[in-house]
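*Asks:* Give me coordinates for this.
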Amino acid sequence: MAKNREHGVNERRAARRFRVAMRMEIWPEEQARQADAVFVSTRDVSLRGIYFFGEEVGAVGAKLNFIVLDMRDLGAKPVDLARGIGRVVRSEPLPSAEGQGFGVALAIEKTTHLHRESES
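*Replies:* Modelled structure (predicted):
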């Protein structure tokens, strides 16, 4: 186990995490992508999981489709950076100061698309 320098506790995560706020679309695995999408904001991402803020999205164990979106160019159509299926492994209410409802940890089980820049 690695030592988390920020909090002085043992870290259980095996993959390096990157603190990055990105927009992500989610919906239940058994449903088709909907026109009235549910968007959440990521706090950090790794190769194995994503932690995001949003309203309650389901119980621990629920499977979700996800698409991580690149919104840097606000005048352009969003670009799908990654999409896949994940399983909720933790859902915790946040203090009201956060204003987002819940913090949710999603373990990535499958990725179906990873955006690559064209090599021109």
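*Asks:* where in the protein is pLDDT low?
*Replies:* Low-confidence segments of the chain (pLDDT under 70): 1-14, 71-76, 96-100, 115-120.
*Asks:* Let me see the contact set for the most centrally placed residue in it.
*Replies:* The chain has Ile50 as the residue nearest its centroid, 3.8 Å off, counting by CA atoms, centre = their mean. By CB atoms under 8 Å, 6 or more residues apart in numbering, the contact set of Ile50 is 24, 42, 44, 66, 68, 86, 105-106, 108. To be clear about C-beta, it is placed using only N, CA and C from the backbone, and glycine gets the same treatment.
*Asks:* What pairs with the strand of greatest length in the chain, parallel or antiparallel?
*Replies:* Longest strand in the chain, counting residues (DSSP state E): strand 79-93. Applying DSSP bridges, strand 79-93 is found paired with strand 63-70 (antiparallel), strand 102-114 (antiparallel).
*Asks:* nearest to Glu56, of those strands?
*Replies:* Shortest distance between Glu56 and the strands paired with strand 79-93, using CB to CB, is found for strand 102-114: 5.2 Å.
*Asks:* Columns distance to Phe18 and mean neighbour count on top of the strands paired with strand 79-93, output as CSV?
*Replies:* Output for these, formatted as CSV (distance: least, CB to CB, whole Å; neighbours: other CB atoms under 10 Å):
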stretch, distance to Phe18, mean neighbour count
strand 63-70, 12, 20
strand 102-114, 14, 16
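*Asks:* So for Ala32, which of those sits nearest?
*Replies:* Closest approach to Ala32 among the strands paired with strand 79-93 (CB to CB): strand 63-70, 9.3 Å.
*Asks:* Tell me how far the closest one lies from the chain's centre.
*Replies:* Here strand 63-70 is found 7 Å from its chain centre; the criterion is CA atoms, centre = their mean, to the nearest Å.
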